[in-house]
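Novice: Quick one: sequence and predicted model below, then my questions.
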Amino acid sequence: MIFGYVRPFSQDKDLYLQLNTLEKYGCDKIYKEQTSSAKNRPELEHMLNTLNSGDQVIVYKLYSIADTTRHLIDLVQMLQQKNVDLISIIDQIDTSTDKGKIFFKLMERVGDF
């Protein structure tokens, strides 16, 4: 399945652009946070708990799903363990491609410093 995830950005509370973009991408289900809070993300937790091998998670941009590089690396590692790909439309990153895999391998190494 293709899952989308959106949350409001602090400067832009309207989810229309993100939702419209993810709907055009063909998401089967879109999880929507109501606030931009980094600590309280029940929809993200719900989505992560429903993922199965072969699923995809689509976000408008990486900031939608993670606030810090460390959080993003941890999420991608967890998704990889579940055999789930992450695609960021604006950032043009897709972990199902070699380019996307290399990007996150480099991020992991930078995160180790």
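Specialist: Great, that's in hand.
Novice: Which other helices and strands does the helix or strand bottoming out on mean pLDDT in the chain contact?
Specialist: Here the helix or strand of the chain ranked lowest by mean pLDDT, DSSP states H and E is helix 98-111, holding a mean of 79. Using 3 or more C-beta pairs under 8 Å, 6 or more residues apart in numbering; DSSP states H and E, the elements in contact with helix 98-111 are helix 69-81, strand 85-88, strand 93-94. No exception for glycine: its C-beta is placed from N, CA and C like everyone else's.
Novice: Just say which of these is most tucked in.
Specialist: Burial of those is given as mean neighbour count (mean count of other C-beta atoms under 10 Å); strand 85-88 ranks first at a mean of 21.
Novice: How about the least confident helix or strand of the chain, which residues are buried there?
Specialist: Under the neighbour-count criterion of 16 or more other C-beta atoms under 10 Å, helix 98-111 has 100-101, 103-104 buried.
Novice: Save these as a markdown table, and put in distance to V84 too.
Specialist: Shown next, in a markdown table, are those (distance: C-beta to C-beta, whole Å):
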| residue | distance to V84 |
| --- | --- |
| G100 | 13 |
| K101 | 13 |
| F103 | 16 |
| F104 | 13 |
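Novice: can you tell me how far K105 sits from Q80?
Specialist: According to C-beta to C-beta, to the nearest Å, K105 and Q80 sit 11 Å apart.
Novice: which outside residues touch stretch 100-112?
Specialist: 69-70, 72-73, 76-77, 85-87, 93-95 (C-beta atoms under 8 Å, 6 or more residues apart in numbering).
Novice: what mean pLDDT does stretch 75-93 have?
Specialist: Per-residue pLDDT values over stretch 75-93 give a mean of 93.
Novice: just to revisit the earlier point, which among the helices and strands packed on helix 98-111 is found nearest to F9?
Specialist: Comparing these by their distance to F9 (C-beta to C-beta), the top pick is strand 85-88, with 14.0 Å.
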